[in-house]
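S.K.: how would this look folded up:
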Amino acid sequence: MVLLPLCLVAVNVVAQTEFHWGFKGGVNLTTYSTDADDVQGHMGQWGALCRWKLNDRFAIQPELFYSRMGVRSAEKVLYYNEGYGYADNFKLNPSKFKLHLITDNIQLPIICKYYFRTQRLPEGLNIHLGPLFSQRFDYSISTVSPLGYLLDPAMSNGDSPVADLRDIARAQNHFTVQAVLGVGYDSPSGIGFDVRYQYGITPVFDNDHNACYDKKSRDCVIALCFSYVF
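M.R.: Model prediction:
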């Protein structure tokens, strides 16, 4: 008997919400919180979204999309000895060595939106926040040696620094959680734009792995996105 009134209330709330669905896409500017000395730009965040607008001020927006993230020119993620020729005093020399570590991910953010309702601001302007759940399904690595050669991890014999790079990629957590904070605009025509900052709550790397990397690293992403809802 208790469930019946709760179900009636839930049905009434759903009936009063405004529902939209659509598509989104954009660009990721990604780096690590402690490892990278450069920002890597990727075409990422291509997928779909649905939006339940509860009233004039609040909405819930789950999304599901493919996202590409990574790091470039990492200076502190590796700790090789000087015998390899691209490190000085156990620190990478960016003029001698370049690392590109890219990951492919399926991501599910659950965004809560607050819409401003003032005469001074355009209708549809909002701030939003929420958790983002990310599942890695693939990665790619490339390096540039002091002589400019592109080193392929698949051709490593197990003794070269490239093998260590592959171990570092494998040491990344497959599942991570990020926090999202952003500002956006949803126009009455269905076109939307937003800028988001995503910061990793869980670390990039698995703490139980023995590879040489900074275990305090977190994903840092600035996402510039557009969307269209029906």
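S.K.: By mean pLDDT, flag the weakest helix or strand of the chain.
M.R.: Here the helix or strand of the chain ranked lowest by mean pLDDT, DSSP states H and E is strand 150-151, holding a mean of 42.
S.K.: What are the boundaries of the strands in the protein?
M.R.: Per DSSP state E, the chain carries strands over the ranges 18-32, 40-53, 58-72, 87-88, 91-92, 98-115, 125-144, 150-151, 175-186, 191-200, 219-229.
S.K.: Please save the CA atoms from the longest one in PDB.
M.R.: These are the backbone C-alpha positions of strand 125-144, laid out as PDB (Å, rounded to 0.1, in the frame of the first residue of the first chain):
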ATOM      1  CA  LEU A 125      22.300  30.000 -19.900                       C
ATOM      2  CA  ASN A 126      23.200  27.400 -17.300                       C
ATOM      3  CA  ILE A 127      25.900  26.100 -15.000                       C
ATOM      4  CA  HIS A 128      26.200  22.300 -14.600                       C
ATOM      5  CA  LEU A 129      28.100  19.700 -12.600                       C
ATOM      6  CA  GLY A 130      28.100  16.000 -11.900                       C
ATOM      7  CA  PRO A 131      30.000  12.800 -12.000                       C
ATOM      8  CA  LEU A 132      31.500  11.200 -15.100                       C
ATOM      9  CA  PHE A 133      32.200   7.500 -15.400                       C
ATOM     10  CA  SER A 134      34.900   6.500 -18.000                       C
ATOM     11  CA  GLN A 135      35.800   3.000 -19.300                       C
ATOM     12  CA  ARG A 136      39.000   2.700 -21.400                       C
ATOM     13  CA  PHE A 137      38.900   0.200 -24.200                       C
ATOM     14  CA  ASP A 138      42.100   1.000 -26.200                       C
ATOM     15  CA  TYR A 139      45.300   2.900 -26.200                       C
ATOM     16  CA  SER A 140      48.100   4.000 -28.500                       C
ATOM     17  CA  ILE A 141      51.700   5.000 -27.800                       C
ATOM     18  CA  SER A 142      54.300   6.700 -29.900                       C
ATOM     19  CA  THR A 143      57.700   8.200 -29.100                       C
ATOM     20  CA  VAL A 144      60.300  10.300 -30.900                       C
END
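S.K.: packing partners for that strand?
M.R.: strand 58-72, strand 98-115, strand 150-151, helix 161-170, strand 175-186, strand 191-200 (3 or more CB pairs under 8 Å, 6 or more residues apart in numbering; DSSP states H and E). The way it works is simple: take the backbone N, C-alpha and C, and place the C-beta from them, glycine included.
S.K.: out of those, which comes closest to residue 216?
M.R.: strand 191-200 (10.4 Å; CB to CB).
S.K.: list the buried ones in that closest one?
M.R.: For strand 191-200, the neighbour count (16 or more other CB atoms under 10 Å) marks 192, 194, 196, 197, 198, 200 as buried.
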